[in-house]
Structures are given as structure tokens and as C-alpha cells.
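Asker: Make a model of this:
(3 chains)
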Amino acid sequence: MSQPTTGLATRGLHAWFDKHHALADVSIHFPENTVTGLIGPSGCGKSTFLRLLNRMHEFIPKSAMAGEVLFNGEDIYGADVDPTEIRKRIGMVFQKPNPFPSMTIGENVVAGLKLAKVKTSNKDDLIEECLTRAGLWKEVGSRLKAPASSLSGGQQQRLCIARALALKPEVLLMDEPCSALDPGSTLRVEETIEQLSENMTIVIVTHNMQQAARVSDYCAFFLSGGGPGRLIEADETSKIFSSPQDSRTADYVQGRFG
Amino acid sequence: MEIIAPDKRKIAVRRGIVDKAFRGVVTAGSMISLIVLALIAAFLLYRGFEVFRDFGLKFFTSSKWDAGADDGSIAPSFGVAPMLVGSVVVATIAISIAVPFAVVMALFLCFYAPRFLRRPMTSVLDLVAAVPSVIYGIWGYAILMPHAKGWAETINHWLGWIWIFKVPVPIFERSPFIAGVLLAIMILPIVTSVAREVYSQAPQDQIDAAYGLGGTRWGAMRTVVLPFGKSGLVGGAMLGLGRALGETVAVYLVLNLVFKVNFQILASAGGSVASLIASRFGEAGPYELKALMAAGLVLFIITLIVNFIASSIVNRAGKSQR
Amino acid sequence: MDYFHFDDAQAVEPQRPWTRRRFSKPKRWSEAAITCAMWVGFAVVMLPWISIIATVVVRGSKAFYIDYLTTDMLVNSSDDPLNAGGVGHAIVGSLIMVTLAALIAVPLGIITAVYIVEIKGRFAKAVRFFTQAMSGVPSIVAGLFIYSMVVIGITHKYNAIAGSMALSILMLPTVTRTAEEVLKVVPRELRDASYALGASQFRTTVSVVLPNVRSGLVTAAVLGVARVAGETAPLLLTSQYFVKFSTDLFKNPMASLPTYIFGNLGVGSDNAVSRAWGGSLVLIVLIVLLSTLARLIGGRTRRSR
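Answerer: Take a look at the predicted model:
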């Protein structure tokens, strides 16, 4: 197996929670500026895998890992890597919208700059740019001083996307970003993902087959089958949905289980 | 499918300089409780060791507390035996009165009280737990003592044939009994709170099972709730005991400190290490002060042990429930 | 046609308001007796508590006169009639010393809680253990310790600083434990959000976690203050008592409500004891106010979450 020097890749990745082996031997490559959907039934290790990709995994008590995550060819778990730097460059959007409740909308967008101590010349421009890219500017541009908690769930999630974008990450990880949203908001988030993928690598966990088919260029199917979660198959989205190699993938995408 | 799992990789976390400093400062700051405890022990030992050296074990066994004469004609002599015994006697009385009432109160609040009473009673418990000891003291002196004196006389009248209820002189005021009753009232809120906390975690399915077997409410209490809460209650009682042993002002106001080991709880003669310190402190000379420091160290160590036992019991009870 | 006509049905069962059925409880004498005993126990326990509050209010209010809260005892003695000489100096003294104690104990308590909850360091268990041990230190021992370390060792005088230090020892465990509870309920999502943006642990704690629980931390501080506002024994050994208004932290002893009560009780005359009751009323009102404040602030946090 060659070692990719661009995009994000994993090699023989394992994860444990205490004694529980949650994820086994995942090797995959996410090419630059593509959207990859991670699909599979609940508890198959998709979210665990995602959190491993920007070193959020280690915040869970008693967690452990093995293997490598290569970002532009470099192992992000290397001894001399600053994890905060990695998280700045590999952004993340969570399942439940989690804007900072004590901050206003505008403050939330640039919160990352303050938290990660990044200097910027013009905050207002950045706020507008990020909110526009997240498809939220039209709705909230006039009330940036309102508290973030005044927004609807869908708006909060797009605010979280805007917040992640403000740091200009090269990769964006999304953990079921639409599972808590109504169909209208989901549609808008999907449009956002499509626009972002022009110059950003996106990895998105989703339970929704239609969504995976709509937004992703590649798909990766995970399954645990009692033991630790494993990567069963990864390929172009059209292939996964039309002619998967593994019968279990076929069963899953056609809705026979999961 | 066989999985050959590789060795877990040690996640190396390289922290920035700010984080290192932050963690260092917080870790150092969090050592404050350890430092204070160590300093307390060190300073009291430092100031009191002369007394331990001069009197040795006699400090614990002697009943004589005499600062001596300034001209040296009478040698000073210090022993805390009556005070130690008194502290234990008073605290024991307090616990044996408080615990049964706390059990009744906790069962009442968890299972018997009408719903509208339960929530306000939490506030009442918090309030009375916050009443300062000096106010318990003034109330005990002015209100409780005249009543409790009558109770003591009644007990003495009917049970006077038992040795501990005898009195050498018919004076019933400022006795260990009265101090114990006052302390019982004082520690009742905390013991009740702990007991209620424990009882409220009693497994509902087992209670239902006890009912299902045709048991009565009291049957469920006896077979499920009380055994379940036993260790938690013991821990709560120990916490109360720690409070009672360390209480100063309230006891000082209702107890006659006498330097003679006394187990007759209705008699107007008792002891308390904490109150001894408060009462002698004002007029103590340098050497007597050292003796008070030594007494303080003894009190510190005793309460530390009691609280240690209490918290380990409470913690264990808490864990087994989860 | 008449399928949906209800007349017949109503004729059979005339409509009437629902009456709620009560579950009948099988009554047994033993069970009734025990329930009765529970109520009696409850009443017996409530009696002294009600008596304490009532007595303090009734007797305490007798000591009040127009200037009671604003005057000191400089020109009056405890035995004087209750129309001159007040409790003002003790209120001021208590407030000063309790505030100073909070300035020492609250930051340290929060830092300790941050260590236990945020840093989860190697010694977290030990730190919790020692905090618990510290909460059991008898107040007189705290006083004796500060007396031997500060009063004998450094200042050579009874003063307010020593008093505040003794109080802060007793305040610290309360603040730590409450702050720990407060920090524990911060949702993990919030920390995740911050870390995912590349924030350091310092930034996450200071800019995200702590601001989010600001009111909870205020509650912790107020509870700590309420815990020590009535402490007497340590102040007898450190700040003692002073008859007049004083704000000097180093040179003079300082009055406080508990030592005012205790001192007047020691004098023993009717007027002095009345003054003690008056001080008790002021002290209880102060503590109730603080506890209520803590609950209001704490309650608001929970609702806003």
C-alpha cells in the first residue's frame, strides 16, 4: 500500500474504550477536495473513527488507539505534533448543535479565533464570509448581536459549521450533522456541504442512505457484527449503491438490515 | 473472524507552554487542602510537643489541669483524660439520640410524608443545618436547659438505680446529658440529610416486590429500605459524630467543665476537649497555651480519624448503589 | 340515518361529572400505628427547630431600637439599657472578615475543583480525599492553628486578617465541593466544541467552561460564606472582639456577630443577654438571606440550561 501524501488517510487504525475494542484495522484514504460518506448501522464505530481523525478521541476517559492517521502524509499522533494545531486544521461539526450558549451569534462565529488564538485583520468580513458559506447570512446577518440560543436547531447547526469554517480548516469532519434537523434545514446543510467541497475535504457520518447518495463522492461502509467495528468496503458512491463488492454492503444499502 | 489486535499506542500529548503553566498552577493550587492539613498538624505539634515530652502518656491519663504557680512553688500539671472522656460521652449521647430520630425523619420524608411537605422540608433542613452553633448554644442555655433539667430529674427518679443515671449531688444543670441533647438537635439535620439521600436510592423494584408479596409499607421499610441504607446511615452517623466531637461554643455554654472523669451523665460535671480550649484560652500563660495546642492536636487527629472512617463508609455505600 | 344519534346511549347512562376514584388502602392497626409514630417523630423533631427560630425572632426583636443596626458599643457597656449601643460594628466586622475569607477561599476552591473535574490529574482522588478530610476539621482547631501560626508567629496581635484566614480554612471545602458539582454538569458537548476548534485546555476552561457556570460558582461562594458567617470558636482565638467600628485589618482586633453574641452572653446581665439575642436575630437573617441568594442564583442556572 502506497503512502498518500495528500488528503487524509488512516493505516491500521484501532480504537478501544477501556477493554472494549471498538474499531479494528481501518485503512482508508480521503482524497483532497472530496466528500466521503461513512455509513453503517448504529454502534459500528463510525463516530469513533471520525473522532480519531482529529484527535478528539483522547478526551474520552480510558480511550486508547493504535495505527496511524496521516494528514498530508504526516502522522497526527506523532510525538512532536501539537494536537490543538491538528484540530485547527481539521474542523469538526457534531451531531447535536453546540453553539456556545453565553456568546452572541457573531461571537460564536469567531469564537475559534479567540480560543485558538488566531489573529485576524477584519472580524466583520470574516463573520459575513463564514455565515454566507454556511448559508446562514441571509437569515441572521441583521442580528449578529442576538444570543446564539435564540436560533432554531437548524440555524444553530449551520452556525456551528460557520464557526468551524472561520478557522479555514483543510478538512471538515461532520458527525451526523443533520440527524437533529428538520428536512428544510437538512437540505440547506447539504447545499452547504456541496459548496464547501470545492476546496475542502469533507468526511461525513450519516445514517441516511439518500443523504449519502446525494452529497458524497465516495462512501465507506462500516459494520461491527458483534466484534469491533470494521471497514467493510469503500468505493465511489455510485459503485457502493449500484454494485457493491460485499453482500453485506448490498444488504445494508438496500435497507435489508440496520 | 479472528482479530489480531496490535499493541495499544501511547497517545503522546504535546501541550503548549500555556497549557503546561495552567496545569502546573492548578495542580499546585489544588494541593492547598493537603498543605493546610499538614500545616495544622505541624504547627500544633511544634507548639505542643514540649507538653507531650514533659508529660508523655500522663497527658492522656491524668485528670489534673493546673497551670501551676508563677513562683514555681506549684509545678504545672496537665492531663486531658476527663475532657477526652467527656467529649466521647457527650458525642455518644448525641449520636444515640440523633440517629433514631434521623431514621424516622428520613423515612417520613421519603415514604410517609404527603407530597406537598417534601420539597419545603428540604429547605427547612438546609436552613436548620445552617443555623450557627452559637445560636444553638444560646437557645440551649436559655430554652432547652430548663426543660432538659426536668427530663433529667425524671430519668433520675425512675432509673436512678442504674449507675450512670445516679447523681452525687442533686444538681441537674449543665450536665453531659443536656449537652448531648443539644448536640443531637444540632447534628440531626446532617444525619437526616445523609439518611434521606441513602433511602431515596433504595431500589424501587425491591420495594415493589415487598409490596407484591402482600407486605405492608412498614414491611417494605424493614425488609428492603432499612437494610439497604444501613451502611450509609452508619456513615452519616459518623459524620455527625465528627461534628459533635469538634463542637465548641454550644457545648461550652451548656456544660460544666470539671476535671474529673465522670460517666454519670446526669450530673453537672462533664468535659469536652474543644470547650476546654475555648474556656482556658483567654487566661492561659505560655506553658498552658502549649498544653492547649497539644489538646488541639489530639482533637484534630481524633476528628480526622472519625471523618476518614465516615467518608469511606459513605463513599462505599454510594458506590455499591450505582 | 340515526346511527350517530346519541339519545339512546344517554338514556342508558346519564352523563355526569367524573368523580375520581380513590385507591382504597387496606388498613391494619399496626400499619396505622407506625404511620402515626412517623408523624409524632416528625413533630418531635420539628419542635426544637421551630422553637429556635421563634425564640430568636421574639427575643431578638426586643433588643432592636432605632439605631441598633448602625451604632457600636464604644461608649456603652453591655449592661446599659437597650436604647443605646448597637450591633453595627459587629455587622461591619463580620462582613469584612467573611469577604476577606471568601477572597482567599473561593479562588482556591475553584482551582481545586478545576483540578478534579477538568484536569483530572493523577492526584484527583487524593485531592478529593483531603478536601473531605478538611471539611471535618473542628472550627476551634482551625482557630488554634491560625493563632499559633499567624497571631503568635507573624502579627503578634489579634486582628481581622487572622480571623479571615481561620474562616477561609472552614470555607474552602464547602466552596470546593459545590464548585465540583457545578463543573461536573457542564455538558461534554461544550468542551468538545471548544477543543474541536483547536483551543488549548487553558482556553477551554477559562473562556468556555467557567463562563458557562458563572452563576453556579457564585452560588458556591455564597454557600461558603453562609457556612462560616456564624463561626464563633475560631474568631475567639484570632480576631477576638472589639467595641467599636474598625476597618483596620492588622492593628486591632475586630468585632463580629458571633463573638458579639458570645461576649454578651458571657456578661450575663438581662440587657447583655438581650443584646446576644438581638445579635442572633441579625446573624440568622444574614444567613437566611445568603442561603436564599445562593438558591436563587443556583436555580436560575438550572433553568437557563
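Asker: switch to C-alpha atoms for all contacts and neighbour counts from now on
Answerer: Fine.
Asker: Give the buried residues for stretch A:246-258.
Answerer: Judged by neighbour count (16 or more other Cα atoms under 10 Å in any protein chain shown), stretch A:246-258 contains these buried residues: A:248-250, A:252-253.
Asker: ok, which residues in chain C are in contact with chain A?
Answerer: Within chain C, the positions adjacent to chain A are C:189-190, C:192-200, C:203-204, C:207-208, C:211-212 by Cα under 8 Å from any Cα of the partner chain.
Asker: ChimeraX command to pick out the buried ones of these?
Answerer: One line in ChimeraX is enough to select the buried ones among the residues of chain C next to chain A; burial here means 16+ other Cα under 10 Å:
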select /C:189,190,192,193,194,195,196,197,198,199,200,203,204,207,208,212
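Asker: Next, check the residues of chain C next to chain A against the strands and list the overlap.
Answerer: Among those, DSSP state E puts none in strands.
Asker: The residues of chain C next to chain A in helices, which ones?
Answerer: C:189-190, C:192-196, C:203, C:211-212 (DSSP state H).
Asker: Looking at those, which one is closest to B:Ala184?
Answerer: C:Asn212 (40.6 Å; Cα to Cα).
Asker: So the residue of the stretch 1-150 of chain C found nearest chain A versus chain B, what's the distance?
Answerer: With Cα to the nearest Cα, the shortest gap between the stretch 1-150 of chain C and chain A falls at C:Lys120, namely 9.7 Å. Distance, C:Lys120 to chain B, using Cα to the nearest Cα, to the nearest Å: 10 Å.
Asker: hmm, stretch C:123-138 in reach of chain B?
Answerer: Yes. Under the criterion of Cα under 8 Å from any Cα, chain B is reached by stretch C:123-138 at C:127, C:130-134, C:136-138.
Asker: Could I get those residues in JSON lines, plus columns for pLDDT?
Answerer: Converted to JSON lines, the residues of stretch C:123-138 next to chain B look like this (pLDDT from 0 to 100):
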{"residue": "C:Val127", "pLDDT": "94"}
{"residue": "C:Phe130", "pLDDT": "92"}
{"residue": "C:Thr131", "pLDDT": "93"}
{"residue": "C:Gln132", "pLDDT": "89"}
{"residue": "C:Ala133", "pLDDT": "90"}
{"residue": "C:Met134", "pLDDT": "92"}
{"residue": "C:Gly136", "pLDDT": "90"}
{"residue": "C:Val137", "pLDDT": "94"}
{"residue": "C:Pro138", "pLDDT": "95"}
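Asker: Which one of those residues sits in the busiest neighbourhood?
Answerer: Sorting the residues of stretch C:123-138 next to chain B by how many neighbours each has (other Cα atoms under 10 Å in any protein chain shown) puts C:Pro138 first, at 26 neighbours.
Asker: residues contacting that residue?
Answerer: C:Pro138 makes contacts with B:243, B:246-247, B:300, B:303, as judged by Cα atoms under 8 Å, 6 or more residues apart in numbering or on different chains.
Asker: So what does it look like in phi/psi?
Answerer: phi -60, psi 140 (degrees, to the nearest 10).
Asker: Please name the nearest non-neighbouring residue to B:Glu50.
Answerer: For B:Glu50, ignoring the flanking residues on the chain, the nearest one in space by Cα to Cα, 6 or more residues apart in numbering or on different chains is B:Lys290 at 7.4 Å.
Asker: Now that neighbour: which helix or strand?
Answerer: helix B:286-320 (DSSP states H and E).
Asker: elements contacting that helix?
Answerer: In terms of contacts (3 or more Cα pairs under 8 Å, 6 or more residues apart in numbering or on different chains; DSSP states H and E), helix B:286-320 is packed against helix B:32-55, helix B:230-246, helix B:273-281, helix C:124-135, helix C:139-146.
Asker: And it, what's buried?
Answerer: B:287-300, B:302-304, B:306-311, B:313-314, B:317-318.
Asker: Can you give me the end-to-end span of stretch A:128-143?
Answerer: Start-to-end span of stretch A:128-143 (Cα to Cα, to the nearest Å) is 12 Å.
Asker: Any part of that stretch near chain C?
Answerer: No. Stretch A:128-143 is not in contact with chain C by Cα under 8 Å from any Cα; minimum separation 14.5 Å.
Asker: can you tell me the average pLDDT over that stretch?
Answerer: When pLDDT is averaged over stretch A:128-143, the result is 91.
Asker: So which bits of that stretch are buried?
Answerer: A:128-137, A:140.
Asker: do the same with stretch B:217-235
Answerer: Buried, per 16+ other Cα under 10 Å, within stretch B:217-235: B:217-218, B:220-221, B:224-226, B:228-229, B:231-235.
Asker: on contacts alone, who are the packing partners of the helix or strand where C:Ser61 lies?
Answerer: Per DSSP H and E, C:Ser61 falls inside helix C:29-62. With contacts taken as 3+ Cα pairs under 8 Å, 6+ apart, helix C:29-62 sits against helix B:81-107, helix B:133-139, helix B:217-220, helix C:270-304.
Asker: Turn those into a markdown table, columns for mean pLDDT.
Answerer: Shown next, in a markdown table, are the helices and strands packed on helix C:29-62 (pLDDT from 0 to 100):
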| stretch | mean pLDDT |
| --- | --- |
| helix B:81-107 | 95 |
| helix B:133-139 | 95 |
| helix B:217-220 | 84 |
| helix C:270-304 | 84 |
